[in-house]
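Asker: Sequence first, then the predicted structure, then my questions.
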Amino acid sequence: MEKIAEIIKYEGDNSTFIWKHPCEDFNTLTQLIVHESQEAVFFMNGQALDMFGPGRYTLETQNIPLLKKFANLPTGGETPFHCEVYFINKTEQMAIKWGTDSPIQVRDKVHGIRTDARVRGAYKVQISNPVMFLEKMIGNNVPYQLQEDLPRYFQSEFQGKIKSAVSKFLN
């Protein structure tokens, strides 16, 4: 027998940045539980409809348990009311190391000598706008499921900007 309502909550460790709950197209009256330091973003029909902070919530969808079989007949049993929930960790995450992959050539203005410079460091990431973050990540098909994929994404994004800023500063 099909469940009348699901319970949707985050089921991972605290180091995960973004997590999509595997339950999709859930029924109305499904319970959403959001832990401290998280936000949940509720998507319906491809749009971010609501954000939820810590607490317990009842989600309202157009998927009605007893009428679902009949309502989905025209679409071959698949619901036309697609819904999903993403959990976003709002704490500072990961000390992501960065650095130039190749030396930056700089000319000393005083002595006229060319020299190579390299820079490196680390930064932390904290999400302030979960909806915008999700839209950007999902819209660019970033493989956000694996925690180690996010640092690679950020490194490639910053690599060009870092080189440009460092060479401008040093010149």
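Answerer: Nice, I can see it. Since this is a predicted model, take the numbers as computed values, not measurements.
Asker: Every contact and neighbour count from this point should use C-alpha atoms.
Answerer: Fine.
Asker: least trustworthy helix or strand in the chain by mean pLDDT?
Answerer: Least confident element among the helices and strands of the chain, by mean pLDDT, DSSP states H and E: helix 68-71 (a mean of 54).
Asker: State which helix of this protein is the longest.
Answerer: Ranked by residue count and defined by DSSP state H, the top helix of the chain is helix 149-170.
Asker: Okay, buried residues for stretch 110-130 please.
Answerer: By 16 or more other CA atoms under 10 Å, the buried positions in stretch 110-130 come out as 127, 130.
Asker: hey, C-alpha coordinates of it in PDB?
Answerer: What follows is stretch 110-130, C-alpha atoms only, in PDB (Å, rounded to 0.1, in the frame of the first residue of the first chain):
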ATOM      1  CA  VAL A 110      62.300  49.500 -11.000                       C
ATOM      2  CA  HIS A 111      65.000  47.000 -12.200                       C
ATOM      3  CA  GLY A 112      63.300  45.800 -15.400                       C
ATOM      4  CA  ILE A 113      63.700  42.200 -14.500                       C
ATOM      5  CA  ARG A 114      61.000  39.600 -15.300                       C
ATOM      6  CA  THR A 115      60.200  37.100 -12.500                       C
ATOM      7  CA  ASP A 116      57.800  34.300 -11.900                       C
ATOM      8  CA  ALA A 117      55.300  34.600  -9.100                       C
ATOM      9  CA  ARG A 118      52.900  32.000  -7.600                       C
ATOM     10  CA  VAL A 119      50.200  32.500  -5.100                       C
ATOM     11  CA  ARG A 120      48.200  30.100  -2.900                       C
ATOM     12  CA  GLY A 121      45.800  30.100   0.000                       C
ATOM     13  CA  ALA A 122      42.600  28.700   1.300                       C
ATOM     14  CA  TYR A 123      39.000  29.900   1.700                       C
ATOM     15  CA  LYS A 124      35.800  28.800   3.200                       C
ATOM     16  CA  VAL A 125      32.400  28.900   1.600                       C
ATOM     17  CA  GLN A 126      29.100  29.800   3.300                       C
ATOM     18  CA  ILE A 127      25.800  30.000   1.500                       C
ATOM     19  CA  SER A 128      23.800  33.100   2.200                       C
ATOM     20  CA  ASN A 129      21.100  32.700  -0.500                       C
ATOM     21  CA  PRO A 130      20.200  29.000  -0.900                       C
END
